[in-house]
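[1] Next come a sequence and a model predicted from it.
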Amino acid sequence: MPKLLMFLLLLWQNAFAVTVIDDRQQQVTLNAAPQRIITLLPSLAETVCELGACSRLVGTDNYADWPASVKALPKLGGLYDASVEAIVRLKPDVVLAGKSTRIIGRLESLGIKVVALEPQSLTDVERSMHTIAQVLQLPQPDAAAGRLWQQAMQAIDQSAKKIPMGSQGASFYFEASTGGYAAGEASFIGGVMQRLGLRNIVGVSMGAFPQINPEFVVRASPQWLFLAEPSAVALHKRPGWSAMPAVKAGRVCAFSPAQGHMLVRPGPRIGEAADVLVACLQKASAP
Amino acid sequence: MKSTDQRSLSFALVLCGLTLLLWLLGLAAGSRGFEFDLAWTDPIVQDIRLPRTLGAWLAGALLGLAGALAQGLFRNPLADPYLLGSASGAALGVALTLALGTWGGAQLPIDIQWVGPWAWRLGLTGAAFAGAWGAVLLTLLLARGVQHTLRLLLAGVVVGVVLGAFTSLLSATQPQLLPAMQSFLLGNTGMVNGASCVLMACVLLLCWLPAWRLSPLLDGLSLGEDTAKSLGLKVVPLRMLLLAVMALCTATAVAQTGLIAFVGLVAPHLVRSRVRARFAMSSLLSALTGGVLLCLADMLARTVMAPQELPVGVLTAVMGGAYLMWRLRSHSSHESEPS
């Protein structure tokens, strides 16, 4: 009799257990729908919230600031300095973290379930939406994640329609950070630009964020330049750049730090990111 | 057996020849590997490759001269231009500017918002230069002057470690700074323009003249401080002046090209292994060697993975490290041989 009871109990538990495979290719089994969730990347918090589970979040990393409700949650550190103690104290059912978060091993050895995700390209973003929907044990996880993905894609396509005539299909160079690091076609932001129909001068074969020879940019002479405000101020000082048609004609999009934060978040707000990029194209194209 | 002067002269001629060859090759090396069919008047050659090649050579020469001064002043073959903390000071300056630039006042209290744009205008070059000087002055302050070699060395180490810790703290709390910081820490010759070449050339001339004029002091110092004093040399003020010259060389090179490893250390070694000359000559040779080394490394950085760049500091470290290892090996095998 006790054996049967045990068996039934096990069966009942298994009915609610879900196994997901994360980006480390590891199986993580969650016995019930997690009610206390911690995210350690801003984009992961955004995805959880957009999937309608914002109320289940109990803590985030230091940089999560969207939607506004997550600002009030305990801040637990960043990629390299997340606090094990603060996380354990919150007794999470699951921690959603970036793959390169340092403390993953430590958390797992303390018996905390960790789902590690690495949203780097657009495909990664779509995959992590599905994984998170499964973790949340939504009624129809794939449908929910699919809807969220479609929304984001439609938002990008809407933005694409607003690109001024002369700049449709234009070539561009996107500088991800000072020191000549480009956002290549393989990167997430490169994926958004590609979906907008723009042509990256830094192809897939060169990797996501390669450091490239500035001469290469001058030679490719892209129609548009995208970079951070501080770099844009000193653009004319770069050897040979002031003669580039894009610089001469002012076809330079400089984004503010706040915009920069949003542009680098591989989550459900990629539609907004596309909007920021296109708004700049419109503004700089206006006579 | 050739005399020392003849040996130095022929070594100098070899270095000048190599310099010319590398300058010419530098004009052909670019984002598509080597191209020899570009016209001299092509803006790619004139506006980009020419300043870059000359800039790399000049920065290397500044570091070579600074290295020769450091090893002469401290009578220590391990001394390098970054000895007095200028590297970590420059890195901190750059990190602060980047942090202010990316915050841009977004997360800062309103009353210091003006700092952001101000920092951008100063630019990374200015920040690195100011940081390097700040660190050297701090070292001199901690060592209470230049009289004591050991105190100076220790103060330099302390300043380096402490400022380095601040830089690490900044990059730990602002992870988005990391790629830009890395580009500075590994050296980058890609953004050198004509104006920075002129600046570096002027500083090189300005620094080499006192090094040349004051070379008797360094020759005297190589016999020991007391001997130098007994020869009637005013050790303390002249030393102060030479330290300032060394700091100016280092700060200028670092501000333009970032922290380039090993050139300042290896160049004087290379010279010493070839010729035993007086300081006036060996400092000149050391500058030429530094220029050749960095010019070569820069050319490889451009072409090995074109159009991607290899960090030039990685190449100088590998080349310099390999040379020193080889030197060490051949040296110790000589020692073990029965004479």
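    Nice, thanks for sending it over. Numbering: from 1, shown residues only, chains lettered A, B, ... in the order given.

[2] For the rest of this, base every contact and every neighbour count on C-alpha atoms.
    OK.

[3] Surely residue B:184 touches residue A:177?
    No - between residue B:184 and residue A:177 there is no contact under Cα atoms under 8 Å: 11.9 Å.

[4] The two: who's more crowded?
    Ranked by neighbour count (other Cα atoms under 10 Å in any protein chain shown), residue B:184 and residue A:177 place residue B:184 first, with 28 against 21.

[5] my read is that one is in a strand, agree?
    No - counting by DSSP: H, G, I helix; E, B strand; the rest coil, residue B:184 is located in no strand; its state is helix.

[6] how many neighbours does the closest residue to chain A within the stretch 201-339 of chain B have?
    For the stretch 201-339 of chain B and chain A, the shortest gap (Cα to the nearest Cα) falls at residue B:308, measuring 4.2 Å. By the criterion of other Cα under 10 Å, residue B:308 has 24 neighbours.

[7] cool, residue A:272 as well?
    17.

[8] Which helix or strand contains it?
    helix A:270-285 (DSSP states H and E).

[9] Get me the contact residues on chain B for chain A.
    Contact residues (Cα under 8 Å from any Cα of the partner chain) of chain B with chain A: B:30-31, B:43-44, B:47-48, B:51, B:101-104, B:106, B:120, B:123, B:172-173, B:179-180, B:183-184, B:188, B:190-194, B:302, B:306-310.

[10] Just the buried ones from these?
    Neighbour counting with 16 or more other Cα atoms under 10 Å in any protein chain shown marks B:30-31, B:43-44, B:47-48, B:51, B:101-104, B:120, B:123, B:172-173, B:179-180, B:183-184, B:188, B:190-194, B:302, B:306-310 as buried within these.

[11] Quick check, pLDDT for residue B:306.
    For residue B:306, the pLDDT comes out at 81.

[12] My guess is it contacts residue A:215. True?
    No - Residue B:306 lies out of contact with residue A:215 (Cα under 8 Å); the separation is 10.3 Å.

[13] Ramachandran angles for residue A:182?
    Here is the backbone geometry of residue A:182 (degrees, to the nearest 10): phi -90, psi 150.

[14] who does it bridge with?
    residue A:175 (DSSP bridges).

[15] pLDDT at it, what is it?
    The predicted local confidence for residue A:182 is 92.

[16] how near is it to residue B:308?
    10 Å (Cα to Cα, to the nearest Å).

[17] go on, residue B:56?
    18 Å.

[18] Show me which positions of stretch B:8-20 end up buried.
    For stretch B:8-20, by 16+ other Cα under 10 Å, it's B:8, B:11, B:12, B:15, B:16, B:18, B:19.

[19] in what helix or strand does the fourth one lie?
    It stands for residue B:15. Using DSSP H and E, residue B:15 maps to helix B:4-28.

[20] quick one: strands adjacent to the very next helix or strand once past that helix?
    Downstream of helix B:4-28, the first helix or strand assigned by DSSP H and E is strand B:29-30. Its sheet considered, strand B:29-30 pairs with strand B:33-34 (antiparallel) by DSSP bridges.

[21] Mind checking what helix or strand follows the strand it pairs with in sequence?
    Following strand B:33-34 in sequence, per DSSP H and E, is helix B:43.

[22] sorry, back to before: now, which of the buried residues of stretch B:8-20 sits nearest chain A?
    The nearest one, if we look at these relative to chain A and count by Cα to the nearest Cα, is residue B:19, at 21.9 Å.

[23] correct me, but residue A:107 touches residue A:85?
    No - when contacts are counted by Cα under 8 Å, residue A:107 is not listed as touching residue A:85 (9.4 Å).

[24] Tell me which stretches of the chain form helices.
    All of this refers to chain A. A:2-16, A:42-50, A:84-89, A:104-109, A:122-136, A:141-161, A:188-195, A:214-220, A:229-233, A:245-248, A:257-263, A:270-285 (DSSP state H).

[25] not quite, I wanted chain B
    Taking DSSP H as the test, the helices found in chain B are B:4-28, B:43, B:50-74, B:86-103, B:115-142, B:149-173, B:178-185, B:194-213, B:215-221, B:225-230, B:235-257, B:263-274, B:279-303, B:312-336.

[26] I'd like these laid out as JSON lines, including mean pLDDT and distance to residue A:205.
    Formatted as JSON lines, the helices of chain B follow (pLDDT from 0 to 100; distance: least, Cα to Cα, whole Å):
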{"stretch": "helix B:4-28", "mean pLDDT": "92", "distance to residue A:205": "24"}
{"stretch": "helix B:43", "mean pLDDT": "84", "distance to residue A:205": "28"}
{"stretch": "helix B:50-74", "mean pLDDT": "94", "distance to residue A:205": "26"}
{"stretch": "helix B:86-103", "mean pLDDT": "83", "distance to residue A:205": "29"}
{"stretch": "helix B:115-142", "mean pLDDT": "79", "distance to residue A:205": "31"}
{"stretch": "helix B:149-173", "mean pLDDT": "91", "distance to residue A:205": "29"}
{"stretch": "helix B:178-185", "mean pLDDT": "84", "distance to residue A:205": "20"}
{"stretch": "helix B:194-213", "mean pLDDT": "92", "distance to residue A:205": "32"}
{"stretch": "helix B:215-221", "mean pLDDT": "84", "distance to residue A:205": "53"}
{"stretch": "helix B:225-230", "mean pLDDT": "78", "distance to residue A:205": "59"}
{"stretch": "helix B:235-257", "mean pLDDT": "90", "distance to residue A:205": "28"}
{"stretch": "helix B:263-274", "mean pLDDT": "91", "distance to residue A:205": "33"}
{"stretch": "helix B:279-303", "mean pLDDT": "94", "distance to residue A:205": "17"}
{"stretch": "helix B:312-336", "mean pLDDT": "82", "distance to residue A:205": "22"}
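
[27] ranking the ones you listed by burial, who's on top?
    Comparing the helices of chain B by mean neighbour count (mean count of other Cα atoms under 10 Å in any protein chain shown), helix B:50-74 comes out on top with a mean of 29.

[28] Find me whatever residue is spatially closest to the most centrally placed residue in chain B, sequence neighbours aside.
    Closest to where the C-alpha atoms of chain B average out (Cα atoms, centre = their mean) is residue B:63, at 3.0 Å. Excluding its sequence neighbours, the residue lying closest to residue B:63 (Cα to Cα, 6 or more residues apart in numbering or on different chains) is residue B:264, at 4.7 Å.

[29] picking up where we left off before, what residues are up against the residue nearest to the centre of chain B?
    B:81, B:249, B:250, B:253, B:263, B:264, B:287, B:290 (Cα atoms under 8 Å, 6 or more residues apart in numbering or on different chains).

[30] Among those residues, which one sits closest to residue B:228?
    residue B:81 (23.0 Å; Cα to Cα).

[31] From residue B:254, how far out is the closest one?
    According to Cα to Cα, residue B:81 stands 10 Å off from residue B:254.
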